[in-house]
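*Asks:* Fold the following for me, if possible:
(one chain, ligands or ions: 1)
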Amino acid sequence: MPSDRDKTLAAFGEKQAASYDDRFAKASAMRDAMHLVTRLALGELSDDARVLCVGAGTGLEIAYLAAAFPRRRFTAVEPAPAMLTLCRQRADREGFADRCEFHEGFLESLPEGEPYDAATCLLVSHFLERPERSEFFAEVARRLQPGATLVNADLASGVGTPRHARLMAVWRRMWLLCDTPVEQVDQMLTEFEKKVPLLPPAEVVELVCSAGFESPTPILQTLLIHGWSFTRSS
Ligand SMILES: C[S@@+](CC[C@H](N)C(=O)[O-])C[C@H]1O[C@@H](n2cnc3c(N)ncnc32)[C@H](O)[C@@H]1O
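*Replies:* Okay, the predicted model is just below:
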């Protein structure tokens, strides 16, 4: 039986990677908002800060942050080879590859090094069940120096509540707006409800704090996407 990690890799294979950047084109304002608040939350770091980007995907957030902060350095951690290939290509194309390190694999396989000044985990950890998610954030905390900033954005919702049902109805309209055929949307959302272990926003905050962070600050909500900044506890 495939492990959760195998399923993650399969979900971000070559076909999915190739369409990843364009799939949400008509809802790109949501992604732009996420990047903007991430940039603002990381605004106080030193000019040459080192940022760990876990689940870097095709490199969208690194490209945005690299343009905003031209002396900062980034480490892209990404287990799906096709996604990381696109991330590297973007870095070459947009001229920030010399400030990037690329690690193909999960975070625990990243070679040990100096602790980072900040981390981003955008749209990554909602794929993980609660115990794996706790381990994931504990590993992020371990790679950061005390006082470092984490920006985390997760899909979050209290499944089974009327509020969740209303939110999913709006989420469905977002997919339709993005020109996804209706049968595909409905099939995808059925799979999503079965497979993605959404937690209510307050439980995400509690889990991240238990893994070694404090000062949770809500910086974003667009539909299911919730974003926070946290400080790595001393
Ligand atoms: C929805 S994409 C988000 C990519 C990017 N952060 C963005 O916002 O566009 C999720 C990415 O996280 C990666 N991923 C999934 N589980 C992970 C894990 N446990 N550790 C690191 N990356 C993971 C996937 O391979 C995928 O590229």
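*Asks:* So in the protein, which strand runs the longest?
*Replies:* With secondary structure taken from DSSP state E, the chain has its longest strand at strand 144-155.
*Asks:* From the ligand, how far out is Leu36?
*Replies:* 13 Å (Cβ to the nearest ligand atom, to the nearest Å). Every residue, glycine included, has its C-beta placed from N, CA and C.
*Asks:* make that Leu155, sorry
*Replies:* Separation of Leu155 from the ligand (Cβ to the nearest ligand atom): 9 Å.
*Asks:* again, but for Glu183
*Replies:* Applying Cβ to the nearest ligand atom to Glu183 and the ligand gives a distance of 22 Å.
*Asks:* Three-state assignment for that residue, please.
*Replies:* Here Glu183 is recorded as helix under DSSP: H, G, I helix; E, B strand; the rest coil.
*Asks:* how deep is it tucked in, by neighbour count?
*Replies:* Residues lying near Glu183 (other Cβ atoms under 10 Å) number 8.
*Asks:* Now do the same contact list for it.
*Replies:* For Glu183, the contact set (Cβ atoms under 8 Å, 6 or more residues apart in numbering) is empty.
*Asks:* Keeping just the C-alphas, turn stretch 180-193 into PDB.
*Replies:* Extracted in PDB, the C-alpha atoms of stretch 180-193 (Å, rounded to 0.1, in the frame of the first residue of the first chain):
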ATOM      1  CA  THR A 180     -12.200  23.400 -14.300                       C
ATOM      2  CA  PRO A 181     -15.100  21.200 -15.800                       C
ATOM      3  CA  VAL A 182     -17.900  20.700 -13.300                       C
ATOM      4  CA  GLU A 183     -17.600  16.900 -13.200                       C
ATOM      5  CA  GLN A 184     -13.900  17.200 -12.500                       C
ATOM      6  CA  VAL A 185     -14.500  19.700  -9.700                       C
ATOM      7  CA  ASP A 186     -17.100  17.600  -8.000                       C
ATOM      8  CA  GLN A 187     -14.900  14.500  -8.200                       C
ATOM      9  CA  MET A 188     -11.900  16.400  -7.000                       C
ATOM     10  CA  LEU A 189     -13.800  17.900  -4.000                       C
ATOM     11  CA  THR A 190     -15.100  14.400  -3.000                       C
ATOM     12  CA  GLU A 191     -11.600  13.100  -3.000                       C
ATOM     13  CA  PHE A 192     -10.400  16.300  -1.200                       C
ATOM     14  CA  GLU A 193     -13.000  15.800   1.600                       C
END
